[in-house]
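A.B. asks: Structure for this input, please:
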Amino acid sequence: MTAALRIIRDEHQALAAMLRSVVLLLGRQRREGLPPDFDALRAMLFYLDEFPEQRHHRKETELLFPKLRARTPLARDLLDHLDQDHARGEAKIRELEHKLLAFEMMGESRRDDFELAAERYVDFYLSHMTLEEREILPLAERVLTREDWADLDIAFGANRDPLTGLKPDAAYDALFSRIVRLVPAPVGLG
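C.D. replies: A predicted model of the protein is given here:
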């Protein structure tokens with residue numbers, strides 16, 4: 001397996017853990033009648049926006065998907081769909097961040113709206129990653145050249161997701177540490 005494939009899969013796993021942790025945290029807070037931990041939720045949503053949306057997706061859309069389109073006509077419709085998901089993902093995370101702010105500022109009357117939006121976002125994102133893992137990555141393994149993979153290895157290795165356990169730059173290390181501190185142990189990521 002190439003470094004880029006390992007990084008993509010590791011980042012997908014880390015992202016899935018973060019997404020599921022958002023839902024678990026919300027469920028726990030509701031079940032136990034706890035007030036929302038807005039600091040933890042803000043940090044988690046910031047991570048989702050900052051790393052996967054701004055870095056991970058950009059490398060897939062700008063590097064991996066064009067290489068696949070250049071090597072094979074297979075899966076072009078699916079690649080278009082995934083690119084559209086990437087574009088929609090940015091709008092969806094902004095909407096979710098806004099709904100969290102509304103929940104924080106307006107109180108319980110906005111809880112259901114935020115929780116429903118969070119569940120929809122998590123479902124959307126997990127489905128998106130499943131398509132990439134099941135369809136696109138195996139296709140990439142079959143059709144991309146050594147030179148393609150060398151380029152992708154460098155690009156995907158340049159800025160790593162802090163949740164994969166590898167040492168990120170200091171700014172992301174601080175964000176990851178903050179999230180681990182804020183999220184309760186049974187839900188936590190650390």
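A.B. asks: Can you list the low-confidence ranges for the protein?
C.D. replies: 159-171, 184-190 (pLDDT under 70).
A.B. asks: Select the longest helix from it.
C.D. replies: helix 76-106 (DSSP state H).
A.B. asks: What is the next helix or strand after that one packed up against?
C.D. replies: Scanning forward in sequence from helix 76-106 by DSSP states H and E, the next helix or strand is helix 111-131. On a contact count with 3 or more CB pairs under 8 Å, 6 or more residues apart in numbering; DSSP states H and E, helix 111-131 meets helix 3-31, helix 76-106. Glycine gets a C-beta too; all of them are placed from N, C-alpha and C.
A.B. asks: Show me which residues of helix 111-131 are buried.
C.D. replies: Across helix 111-131, burial judged by 16 or more other CB atoms under 10 Å covers Arg111, Phe114, Glu115, Ala117, Ala118, Tyr121, Val122, Tyr125, His128, Met129.
A.B. asks: Can you show me the CA trace of the helix or strand following that helix as CSV?
C.D. replies: Using DSSP H and E, the helix or strand that follows helix 111-131 in sequence is helix 137-143. Extracted in CSV, the C-alpha atoms of helix 137-143 (Å, rounded to 0.1, in the frame of the first residue of the first chain):
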residue,chain,number,x,y,z
LEU,A,137,-9.4,3.8,-3.6
PRO,A,138,-9.5,0.3,-5.2
LEU,A,139,-9.8,1.9,-8.6
ALA,A,140,-6.8,4.1,-7.8
GLU,A,141,-4.8,1.1,-6.7
ARG,A,142,-5.5,-0.5,-10.1
VAL,A,143,-4.9,2.3,-12.5
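A.B. asks: how about helix 137-143: buried residues?
C.D. replies: In helix 137-143, the ones that count as buried by 16+ other CB under 10 Å are Leu137, Leu139, Ala140.
A.B. asks: Ignoring the adjacent residues along the chain, who's closest to the first one?
C.D. replies: Taking CB to CB, 6 or more residues apart in numbering as the measure, Leu137 lies nearest to Leu5, with 6.2 Å between them; neighbours along the chain are not counted.
A.B. asks: Could you pull up the contacting residues of the one you found?
C.D. replies: Leu137, Ala140, Glu141 (CB atoms under 8 Å, 6 or more residues apart in numbering).
A.B. asks: I'd like those residues written out as JSON lines, with distance to Asp85 added.
C.D. replies: Output for the contacts of Leu5, formatted as JSON lines (distance: CB to CB, whole Å):
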{"residue": "Leu137", "distance to Asp85": "15"}
{"residue": "Ala140", "distance to Asp85": "17"}
{"residue": "Glu141", "distance to Asp85": "21"}
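A.B. asks: which one among those gets closest to Arg178?
C.D. replies: Leu137 (30.9 Å; CB to CB).
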